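>>> sequence? don't have it. structure:
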């Protein structure tokens with residue numbers, strides 16, 4: 001973890017909800033989709049293959065846990081998982097709950113419309129449910 005610094009864009013667009021074994025688990029501030037972001041707490045990493053083999057396994061494990069919890073909590077039609085990094089190079093993995101009829105279904109979430117902020121109570125409720133599901 002030495003030297004790890006969160007990219008300012010990730011800092012600005014999301015809020016940390018918990019730290020896992022490897023990652024800072026963050027909630028996107030865009031309420032149109034329940035959208036989580038796993039950021040491995042390793043300095044200078046832009047690609048999954050740059051992680052150590054153990055960290056690669058941890059990232060896959062944590063991604064699976066987060067995706068499963070998000071699906072159970074939201075009842076999503078589909079969970080989208082992706083690590084693009086074309087704009088924000090710091091390695092991060094998106095885990096997004098999608099629903100038939102949601103904003104831009106079935107198209108991608110990136111670059112669509114304007115972000116809508118969470119109401120505090122809804123954000124806090126989702127955060128609490130995620131923490132509970134991931135701490136069990």
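Looks like it arrived, so ask away. Owing to the predicted nature of the structure, the values given are computational and were not obtained by experimental measurement. Residues are numbered from 1 along each chain as shown.

>>> and the residue nearest the centre of the chain, what element?
Central residue of the chain (CA atoms, centre = their mean): residue 37, 1.7 Å from the mean position. When secondary structure is defined by DSSP states H and E, residue 37 falls within strand 35-40.

>>> rounded mean pLDDT for that strand, please.
Averaging pLDDT along strand 35-40 gives 98.

>>> for it, packing partners?
Here strand 35-40 touches strand 23-28, helix 53-74, strand 93-98, going by 3 or more CB pairs under 8 Å, 6 or more residues apart in numbering; DSSP states H and E. All C-beta atoms are positioned from the backbone trio N, CA, C, and that covers glycine.

>>> quick one on the thing from earlier: which residue is the nearest non-sequential neighbour of the residue nearest to the centre of the chain?
Spatial nearest neighbour of residue 37, excluding adjacent residues (CB to CB, 6 or more residues apart in numbering): residue 26 at 4.4 Å.

>>> show me the contacts for the one you found.
10, 14, 15, 16, 17, 36, 37, 38, 39 (CB atoms under 8 Å, 6 or more residues apart in numbering).

>>> any idea which of those is closest to residue 105?
Residue 105 has its nearest neighbour among the contacts of residue 26 in residue 36, at 18.3 Å by CB to CB.

>>> next up, the contacts around the closest residue to the closest one other than its chain neighbours.
What sits nearest to residue 36 in space, not counting adjacent residues and going by CB to CB, 6+ apart, is residue 95, at 4.5 Å. By CB under 8 Å, 6+ apart, the contact list for residue 95 reads 35, 36, 37, 38, 63, 66, 67, 70, 79, 80, 81.

>>> can you turn the buried part of these into a ChimeraX selection?
To isolate the buried ones among the contacts of residue 95 in ChimeraX, judged by 16 or more other CB atoms under 10 Å, type:
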select :35,36,37,38,63,66,67,70,79
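
>>> between the contacts of residue 95, which is closest to residue 136?
residue 66 (13.2 Å).

>>> from residue 17, how far out is that closest one?
Residue 66 sits 10 Å away from residue 17, going by CB to CB, to the nearest Å.

>>> what touches both of the two?
Joint contacts of residue 66 and residue 17 (CB under 8 Å, 6+ apart) are 25, 36.

>>> checking the residue sitting furthest away from the middle of the chain next. Helix, strand or coil?
The centre of the chain is farthest from one residue, residue 2, which by CA atoms, centre = their mean lies 22.0 Å away. When classified by DSSP: H, G, I helix; E, B strand; the rest coil, residue 2 comes out as coil.
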